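**Q** Give me the fold of what follows.
(one chain, ligands or ions: 2)
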Amino acid sequence: MRESELKEKIRALAAERNALILAHNYQRDEIQEIADITGDSLGLSQEAARTERQVIVFCGVHFMAESAAILAPQKQVIIPRADAGCPMADMVDAEGIKQMRRQHPGAVVVTYVNSSAAVKAESDICCTSANAVRVVNSLSEPEVILIPDRNLGRYIAERTSKICHVWDGYCPTHERLDVIEVLSAKAAHPDALFLAHPECPPAILALADHICSTSGMYEYVQGRSERTFIIGTEAGILYRLRRENPGKTFILAGHRLICPNMKLTSLEDLYQSLLTMSPTITVDADIAARARIALDRMLAVPRD
Ligand code: 13P
Ligand code: SF4
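**A** Numbering: from 1, shown residues only. Ligands and ions are numbered 1, 2, ... in the order given. Predicted coordinates for the structure are as follows:
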């Protein structure tokens, strides 16, 4: 089937099924193009929670579709590629949190949404890269456990007066970003601003002009008069940055910034998932109820 024909069929099927297609900012260009809404982890969770559509097709990775299923329990949530996981989310389990709690009684467990439902269920509150510092500083307790990303954890620790205990997980994609590569991109483009995602290692963040979530990058670029930007996050972000800012130049900070899991979903997978209405994400009712408390607490934290 030709790509244009496939896209038409996807649109027609989505309308017939009353389905909302959500795509993370790291998805392939053609998936972002056909989605109803693209966004970062926070934005997509909010869309899932508020949609009136009966079906949510989540083009992203497993933990994101799980969050949608928890926030919209009366909806059917489909993930076109059930094998699209997140290695960072797999670096902690529920038992790991229980151990941390035993080591630091009284500390609040703040868990990045890049985690399984079972891990969220053991947590007090969730956060995303867009709201992590705000979430931690909204708490009245003086001590927090930050799970699972050590880079986001250190980034938060530098921006709060709370005592922080940081889990040793990381995103293999952002971890591959190399200081030498960033410095040579900066040397080649001395007028460029360097934007980095908080999942990058501290040595990379130290070189950044601005640190923010994926959607934060779109907003930031629109408000700046500079013409060139070096981008320190997954390559999929370039699609919208270039489309929305035709007069500006975007250079990826490293040549290995590709998340294999985020790139799994193809148009054919999306089409098949709408055709068969599968695979559906289900979360155990008890785990979902407890994870929802942590997600709802995050969503209730006011914006600055
Ligand atoms: P955000 O979309 O929250 O910036 O997260 C990046 C990410 O790694 C998602 O997997
Ligand atoms: Fe997980 Fe990193 Fe891929 Fe995001 S980019 S899904 S954190 S491996």
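**Q** ok and the residue in the stretch 101-250 of the chain nearest ligand 2?
**A** Relative to ligand 2, the nearest point of the stretch 101-250 of the chain is Cys171 (3.2 Å; C-beta to the nearest ligand atom). C-betas here are computed from N, CA, C, even on glycine.
**Q** got a list of what that residue touches?
**A** Residues near Cys171 by C-beta atoms under 8 Å, 6 or more residues apart in numbering: Cys86, Pro87, Met88, Asn114, Asp149, Asn151, Glu199, Cys259.
**Q** Show me which residues of this structure sit near ligand 1.
**A** Listed as neighbours of ligand 1 in the chain under the rule C-beta under 6 Å from any ligand atom: 25, 40-41, 86, 114, 128-130, 171, 197, 199, 213-214.
**Q** Where does confidence bottom out across those residues?
**A** Confidence by pLDDT is poorest for Ser41 among the residues of the chain next to ligand 1, given 85.
**Q** What's the local residue count around that one?
**A** Neighbours of Ser41 under the rule other C-beta atoms under 10 Å: 26.
**Q** Could you tell me how many residues sit around Ile21?
**A** Neighbours of Ile21 (other C-beta under 10 Å): 24.
**Q** brain fart, Tyr112
**A** There are 31 residues near Tyr112, going by other C-beta under 10 Å.
**Q** Then Arg102?
**A** Residues near Arg102, counting by other C-beta under 10 Å, number 8.
**Q** Kindly indicate whether it is helix, strand or coil.
**A** helix (DSSP: H, G, I helix; E, B strand; the rest coil).
**Q** Model confidence at it, what's the number?
**A** pLDDT at Arg102 comes out at 98.
**Q** do the same with Leu238
**A** Per-residue confidence (pLDDT) for Leu238: 97.
**Q** In contact with it, which residues?
**A** By C-beta under 8 Å, 6+ apart, Leu238 lies in contact with Ile231, Phe250, Leu252.
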